[in-house]
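Asks: what shape does this take:
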Amino acid sequence: MKRIRIGFVGCGGIAQTHIQSLLQIEGAEVAALAAGNEARLKETAALVPGAALYTSGEEMLEKAGLDAAFLCVTPARHGNLEEIAANKGIHLYVEKPIGLNMAAVGRLAAIIEGSGIITSVGYQERYDPALEELRCYLAEHPAGVVSGKWMGGMPGALWWRQKAASGGQVVEQCTHIFDMLRYLFGEVESVYARPFRGIMKGIPQYDIEDASAAVLTFQSGMLADVITGCYLGPQSPPDVGLTIYTDAARVCYDWIRHISYREGDAVREVPGNCSHHFDAVKAFVEAVRTGDRSLIRSDFTDASRSLAVTLAVNESMERGSVVKL
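Replies: Numbers count the residues shown, from 1 in each chain. Now for the predicted structure:
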């Protein structure tokens, strides 16, 4: 079996999660790591002692002789990484958010498509088999209204609380909800959103909204609302998921844990698959090895459409008006 030489740009928590998955996949070799944070680089290198170490992602892509690379850095630190990889034929697994500017992301999508490389973006929940069962159910039982939510606390990373660096909760965290809505119900036609501020006080360099509410109209005519909040304290557990109202049932997707179908007094519960991170990485490695793009559930171009929805929500919050996609 051909070994797939893989490099990582960024050595934070999500990179380490992906490395742990790769260590379980036959033929996958973590050959190089790149990070500007020397402590993180050394910490992650302990997982893969044979990997070459770089302080520059660009240098790693140019010199390490890679088949594939994982980009696990903040949007502002992508620079020209995707373009270098595309030009060198290095396949890419990119963590979300893939960018904060649609013009720049659209340019990269065109370069990537022209290069022929395989890409996958970190919407790992799409690999849960329970979602495929739900998609089949929705094909038979259409929904008219859906309610989504991502209510939780504020992540500790400094860049996360800065709108210019992360895009805020809608773009960086709740993107998973907006992406799942696209995956289940198709493309969004327009959004209207409003922000709320005033709960989170005294936090240095914090300029994102504490909460938001958005209404989405889909091309099919279906409607959805999505609420977000990053102000919950440790005593208040996160509340993340979807409630789907079909012609036959109320379907509740408790994020990753399970999907329940309530039809009258009967409730059927389908457990989620907690191995979705592993399954997404395994699918990417297999796609690189075989060239089978059908294994990928969200490539760079598809992910750019989810990004467009979240950026439209941000724009609507700023303008106070409907934004069409």
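Asks: can you classify Gln235 as helix, strand or coil?
Replies: Put simply, Gln235 is coil when judged by DSSP: H, G, I helix; E, B strand; the rest coil.
Asks: report how many residues lie close to it.
Replies: Using other Cβ atoms under 10 Å, Gln235 has 5 other residues around it. C-beta coordinates here come from the backbone N, C-alpha and C atoms, glycine included.
Asks: distance of it from Gly153?
Replies: Using Cβ to Cβ, to the nearest Å, Gln235 is found at 10 Å from Gly153.
Asks: the nearest residue to Glu125 once chain neighbours are set aside: what's it in contact with?
Replies: Computed as Cβ to Cβ, 6 or more residues apart in numbering, the closest residue to Glu125 that is not its neighbour in sequence is His276, at 5.7 Å. By Cβ atoms under 8 Å, 6 or more residues apart in numbering, His276 lies in contact with 124-128, 256.
Asks: most neighbours, which of these?
Replies: Gln124 (26 neighbours).
Asks: surely it and Ala283 touch.
Replies: No: counting by Cβ atoms under 8 Å, Gln124 stays clear of Ala283, with 9.7 Å between them.
Asks: pull the residues that contact stretch 202-214.
Replies: For stretch 202-214, the external contacting residues (Cβ under 8 Å, 6+ apart) are 154, 158, 161-163, 166, 168-170, 191-200, 225-231, 313, 316-317.
Asks: just the buried residues from the residues you listed, in PyMOL please.
Replies: Command for PyMOL, covering only those of the contacts of stretch 202-214 found buried under the criterion 16 or more other Cβ atoms under 10 Å:
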select buried, resi 154+161+162+163+166+168+169+170+191+192+193+195+200+225+226+227+228+229+230+231+313+316+317
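Asks: thinking again about what came up before, pLDDT score for the residue nearest to Glu125?
Replies: His276 carries a pLDDT value of 89.
Asks: and if you look at Pro234?
Replies: Note on Pro234: pLDDT of 89.
Asks: thinking it is in contact with Met154, fair?
Replies: No: with contact defined as Cβ under 8 Å, Pro234 does not count as touching Met154 (11.1 Å).
Asks: in this protein, where is pLDDT below threshold?
Replies: 1 (pLDDT under 70).
Asks: top helix in it by residue count?
Replies: Ranked by residue count, the top helix of the chain under DSSP state H comes out as helix 300-319.
Asks: residues in contact with Leu134?
Replies: If you count contacts by Cβ under 8 Å, 6+ apart, Leu134 has them with 184, 251, 253, 259, 270.
Asks: which of those residues are buried?
Replies: 184, 251, 253, 259, 270.
Asks: let's have those in TSV, adding secondary structure.
Replies: Converted to TSV, the buried ones among the contacts of Leu134 look like this (three-state DSSP):
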residue	secondary structure
Leu184	helix
Val251	strand
Tyr253	strand
Ile259	strand
Val270	strand
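Asks: re earlier: quick check on the residue nearest to Glu125: phi, psi?
Replies: With angles defined as degrees, to the nearest 10, His276 sits at phi -60, psi -30.
Asks: all helices of this protein, in order?
Replies: Taking DSSP H as the test, the helices found in the chain are 13-22, 38-45, 57-63, 81-88, 102-115, 129-140, 163-166, 168-172, 175-185, 276-290, 300-319.
Asks: most tightly surrounded among those helices?
Replies: Counting by mean count of other Cβ atoms under 10 Å, helix 168-172 has the highest mean neighbour count of the helices of the chain, with a mean of 26.
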